[in-house]
Every structure is written in C-alpha cells, then in structure tokens.
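1. got a predicted structure plus its sequence, pasted below:
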Amino acid sequence: MSESFEPTQCRVALLSGGTSGEREISLASGKGALNALIEAGFQVIPLDPAVKDDLKALIDGDFDVAFLCLHGRKGEDGAIQGFLEMIDLPYIGSNVWSSALSIDKVKAKMFYEVAGIPAPQSITLKKGESFDVEEIIGTVGDRCVIKPATEGSSLGVFIVEGRQEIESALKEVFSYDTLALVETYVKGTELTVAVIGNDNPRALPIIEIVPKSDSYDFESKYAPGGSEHICPARLSDTVTAEIQELAERAHKALECSGVSRSDFILDEEGTSWILETNTIPGMTGTSLLPDAARAAGMSFPELCTFLVQCALEKD
C-alpha cells in the first residue's frame with residue numbers, strides 16, 4: 001500500500017440502505033463505517049441506492065471511491081458493483097463476478113469443492129418443483145439446515161428435524177428465494193474468519209461465536225448481547241493455522257478482493273466445515289470484522305482506510 005496515501009484528499013461515497021431484506025442492518029453498518037471514515041480523515045457523503053436521486057448523485061458527484069455497506073441482494077450480489085463499473089467509480093470489496101458467485105451458496109460450494117475446502121453434504125431444491133422428503137433425509141440426514149440459496153445474515157435459515165419440520169421450513173424458505181439449500185446439520189463450534197487484501201490476502205484472528213440461542217440466527221448476529229465473540233478463538237495454534245488457511249483458500253477460490261469473511265463449524269471430531277463466504281461483512285457495533293481487526297491491532301478507522309486503499313490499488 002502507498003505510504004503517500006492521504007485520506008483527507010479522498011472523497012468517499014458511503015453506500016448503505018438499499019432494498020434488500022437486510023436494509024436496516026445495512027443502515028447500521030453505514031453509520032458505523034461513517035464514523036470510522038470521518039475519524040480517519042476522509043471526506044464522506046452518505047448515499048442510499050434505494051433513492052434514485054442518490055444514484056444520480058453517484059453519477060454526477062466527484063467521488064474517488066465508493067465504500068459499500070450494502071448487504072444482501074442488489075448490494076452483495078454484483079448489482080451495485082456493475083453499476084459502479086459502468087460509471088467508472090472504484091469501490092471496496094469484490095468485483096461483479098466474485099460478488100455474484102459468493103452470495104450464491106449453491107455455486108460457491110462447487111468452488112469450495114474444487115479448492116478442497118470441506119463443506120456439509122447438501123441438496124438443492126427449486127421452488128415449484130416436486131421433492132421427496134425421504135430422499136432429502138436419505139441424502140443429508142434427518143436433522144438438517146434449510147436456507148435460501150442467495151440470502152445473507154441468517155435470513156430464512158432453519159435448523160429442523162424430521163419430515164414435518166422439513167416440509168414446513170421449505171415453505172418458509174421459498175418465500176425468500178426460488179432455490180433452497182438443504183445441508184447436513186453439523187454440531188460443533190461456530191467460527192468466523194475475516195480475510196483482507198488483494199493479491200496477498202491474509203486471515204485475521206479467528207472469532208469464536210457463542211450464541212445465546214441454540215444457533216447463530218439473525219437475532220444472535222445483530223441484537224446487543226445476542227452472542228459472545230471470543231477473539232482469538234479458543235483453538236490450538238495448529239487448528240487456528242489450518243482454519244485461517246482454509247479461509248484464505250476460500251477467498252482466493254471465489255476470487256474475492258479487499259475483504260471477505262468465511263463462516264465455519266469445527267465439529268467434535270476436529271473437522272472444519274465451511275458454511276458460506278460474505279463479501280461485504282457487517283460494520284455495526286456488534287459486527288465481527290471490526291472485532292477481528294482490533295484483535296490484529298488494527299483500529300476501525302485503520303481498517304476502513306486499508307479497504308479504501310485496496311479499492312484504489314485494484315483500479
């Protein structure tokens with residue numbers, strides 16, 4: 001990164017809000033990033049892509065970079081990235097292709113497999129097509145996790161057991177998405193690993209997540225006190241290095257840039273299973289990425305500065 005980079009000379013369009021089911025979380029992320037960017041010295045203009053005048057301001061404004069705090073569809077799926085490419089405005093995070101691939105849990109799993117990253121056994125179902133619950137159970141087991149293929153923040157995620165619960169959960173999931181991913185339930189320790197950088201990405205300290213509920217659901221992620229974050233995670237040096245290497249491998253396999261955050265389950269036999277990779281991690285007061293950066297000795301303003309530098313470096 002350039003030592004001559006001067007935040008005070010950089011005009012940032014901070015994008016948050018949007019139209020996805022994660023709008024409120026996105027606005028909270030935007031508020032957190034806004035304060036950090038201002039503290040770092042940037043000139044920051046908050047904009048909401050759900051407002052047409054704000055989209056016009058992106059085109060007409062004299063911005064140097066876009067700082068994305070958009071979660072879910074039209075934010076993490078390549079849509080806003082494509083818009084920014086069209087107007088030739090650099091932005092933090094992954095490009096159009098990588099963003100679209102990473103948010104699609106079904107397709108991302110194919111790339112995990114090629115990269116040798118263990119992922120739970122799964123089956124994909126399409127809305128409107130018939131399915132055999134007994135076949136599902138035969139493939140992934142009686143206890144399973146059912147989730148939309150292209151949603152984030154644990155929206156529409158169900159941990160179920162038995163025929164009746166599976167059928168009920170699928171109906172709910174199909175209200176979120178046309179594709180449902182049904183995975184074998186893996187019991188173990190929930191971990192998340194942020195990776196930062198472009199050509200030579202590096203994993204930050206692993207965070208162990210201890211949810212107050214039975215699983216790391218939407219409430220556990222975003223409600224104050226919904227979960228406990230232990231960083232560094234309570235793992236041996238060997239296991240820590242192995243999981244960090246898997247996270248870096250996922251970042252590279254999906255061709256992410258700037259930042260990613262991969263979630264894992266470490267089962268009771270010591271195998272690490274990847275669940276998903278996020279290309280725009282949260283920036284709220286309870287978010288995991290800023291926590292991991294602080295554990296690595298990087299303040300929130302320093303993290304935001306680094307991400308802006310990554311965006312300008314790849315332009």
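-> Structure received. Numbering: from 1, shown residues only.

2. how much space separates the closest residue to Leu125 other than its chain neighbours from Val114?
-> Among residues not flanking Leu125 along the chain, Ala180 sits closest, at 4.6 Å (C-beta to C-beta, 6 or more residues apart in numbering). Just so you know, the C-beta spots here come from the backbone N, C-alpha and C atoms, and that holds for glycine as well. Between Ala180 and Val114 the computed distance is 23 Å (C-beta to C-beta, to the nearest Å).

3. who has more neighbours out of these two?
-> Taking neighbours as other C-beta atoms under 10 Å, Ala180 and Val114 compare with Ala180 leading, 25 against 9.

4. the more buried one is in contact with Pro148, isn't it?
-> Yes: when contacts are counted by C-beta atoms under 8 Å, Ala180 is listed as touching Pro148 (6.6 Å).

5. need the overlap of contacts for these two.
-> Val173 (C-beta atoms under 8 Å, 6 or more residues apart in numbering).

6. buried set for stretch 48-61?
-> By 16 or more other C-beta atoms under 10 Å, the buried positions in stretch 48-61 come out as Asp48, Pro49, Ala50, Asp54, Leu55, Leu58.

7. same thing with stretch 271-282?
-> Neighbour-count burial for stretch 271-282 flags Ser272, Trp273, Ile274, Leu275, Glu276, Thr277, Asn278, Thr279, Ile280, Pro281, Gly282 (criterion: 16+ other C-beta under 10 Å).

8. which SS class is Gly270?
-> coil (DSSP: H, G, I helix; E, B strand; the rest coil).

9. which residues touch it?
-> Val239.

10. same check, this time on Ala149
-> Residues counted as contacts of Ala149 (C-beta under 8 Å, 6+ apart) are Asp104, Lys105, Val106, Thr124, Asp177, Leu179, Ala180, Leu181.

11. change it to 7 Å
-> Neighbouring residues of Ala149 by C-beta atoms under 7 Å, 6 or more residues apart in numbering: Asp104, Lys105, Val106, Asp177, Leu179, Ala180, Leu181.

12. OK, contacts around the last one?
-> With contacts defined as C-beta under 7 Å, 6+ apart, the neighbours of Leu181 are Lys105, Val106, Ser122, Thr124, Lys147, Ala149.

13. make it 10 Å
-> Contact partners of Leu181, counting by C-beta atoms under 10 Å, 6 or more residues apart in numbering, are 104-106, 109, 120, 122-125, 145-150, 157, 173, 276.

14. gap between it and Ile146?
-> 7 Å.

15. for the strand or helix carrying Ala33, packing partners?
-> Of the helices and strands defined by DSSP states H and E, Ala33 is found in helix 23-40. Applying 3 or more C-beta pairs under 10 Å, 6 or more residues apart in numbering; DSSP states H and E, we find helix 23-40 packed against strand 11-15, strand 43-47, strand 65-68, helix 218-222, helix 288-295, helix 300-314.

16. how about the ones you listed in JSON lines, adding mean neighbour count, distance to Ile209 and mean pLDDT?
-> Output for these, formatted as JSON lines (neighbours: other C-beta atoms under 10 Å; distance: least, C-beta to C-beta, whole Å; pLDDT from 0 to 100):
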{"stretch": "strand 11-15", "mean neighbour count": "22", "distance to Ile209": "27", "mean pLDDT": "98"}
{"stretch": "strand 43-47", "mean neighbour count": "18", "distance to Ile209": "29", "mean pLDDT": "98"}
{"stretch": "strand 65-68", "mean neighbour count": "26", "distance to Ile209": "24", "mean pLDDT": "98"}
{"stretch": "helix 218-222", "mean neighbour count": "18", "distance to Ile209": "8", "mean pLDDT": "48"}
{"stretch": "helix 288-295", "mean neighbour count": "22", "distance to Ile209": "8", "mean pLDDT": "95"}
{"stretch": "helix 300-314", "mean neighbour count": "21", "distance to Ile209": "19", "mean pLDDT": "95"}
